[in-house]
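Visitor: Pasting the sequence and the predicted coordinates here, then a few questions.
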Amino acid sequence: MSSMEILIQPLTKLAFAPFGEVLETSGTPTMMINQGLCGRYHDLAAVDIGEADADQGKVGISLFDAQPRRLPYQLDMMERHPLGSQAFLPMSMTSFLVIVAPDANGEPGMPLAFLSKPGQGINFHRNIWHGVLTPLQAPGLFAVVDRIGTSKNLQEHWFERPYIVGRTPE
Ligand SMILES: NC(=O)N[C@@H](O)C(=O)O
Ligand code: NI
């Protein structure tokens, strides 16, 4: 059986809203700081660690050094973090692939794929199905803001038939 193809759409706040936030410096800064030498784009994403006291959970910042992938991309698995949100913030002006899906009775529904513009980051809301960090250019270096704790915070779903994430619409 052939794989289903997922088209790639541009990453926008509106399109991504059901799954999380897009962090970008669009429009004028929320406030100017540092004697007017810095624009602060304030409070762009909802960092959520759920029930922190269950396992002394906390918010952590890690660095991911991920191998860039090529298109078309074979989507074999999606995952989610039931206890907290997860933000991917590129440390360079590169694009990456963001794949999410609605929940369908405890499994991922039809995936959606987005291509970020250089300078955009994302924050998945808690328990949102997503593909793993997928750079498309080197360096694949990202700051990741997510929940650090000892409780199990990863649910994976492996597809019987992988999807192919391939083209941008003509
Ligand atoms: N497992 C892990 O730390 N990374 C994943 O959550 C991911 O979304 O890449
Ligand atoms: Ni994740």
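Guide: Alright, I've got the coordinates. Ligands and ions are numbered 1, 2, ... in the order given.

Visitor: contacts and neighbour counts: CA atoms only from here.
Guide: Fine.

Visitor: low-confidence ranges in this protein?
Guide: For the chain, the stretches flagged by pLDDT under 70 are 1, 167-170.

Visitor: how about 90 then?
Guide: Along the chain, the model assigns pLDDT under 90 to residues 1-3, 50-56, 166-170.

Visitor: residue furthest from the geometric center of the chain?
Guide: Residue distances from the centre of the chain (Cα atoms, centre = their mean) peak at Gln35, which lies 33.3 Å from the mean C-alpha position.

Visitor: so what's that one up against?
Guide: The contact partners of Gln35, taken as Cα atoms under 8 Å, 6 or more residues apart in numbering, number zero.

Visitor: element containing it?
Guide: Here Gln35 sits in a region with no helix or strand, counting by DSSP states H and E.

Visitor: tell me the helices in this protein, going along the chain?
Guide: 13-16 (DSSP state H).

Visitor: Tell me how many other residues surround the spatially closest residue to Asp103 that is not a sequence neighbour.
Guide: Nearest residue to Asp103 in three dimensions, chain neighbours excluded: Gly109, at 5.5 Å (Cα to Cα, 6 or more residues apart in numbering). When counting by other Cα atoms under 10 Å, one arrives at 13 neighbours for Gly109.

Visitor: where's Gly109 relative to Gln74, distance?
Guide: For Gly109, the distance to Gln74 (Cα to Cα, to the nearest Å) stands at 16 Å.

Visitor: ditto for Ile122
Guide: Applying Cα to Cα to Ile122 and Gln74 gives a distance of 21 Å.

Visitor: who's more crowded, these two?
Guide: Comparing Ile122 with Gln74 by other Cα under 10 Å, the one with more neighbours is Ile122, at 24 against 16.

Visitor: Need the nearest residue in space to the more buried one, chain neighbours excluded.
Guide: Using Cα to Cα, 6+ apart and skipping the chain neighbours, the partner closest in space to Ile122 is Val22 (4.5 Å).

Visitor: Could you give the number of residues near the residue nearest to Gln137 when sequence neighbours are not counted?
Guide: In this structure, Gln137 finds its nearest non-sequential neighbour in Pro68, 5.4 Å apart by Cα to Cα, 6+ apart. Pro68: 16 surrounding residues under other Cα under 10 Å.
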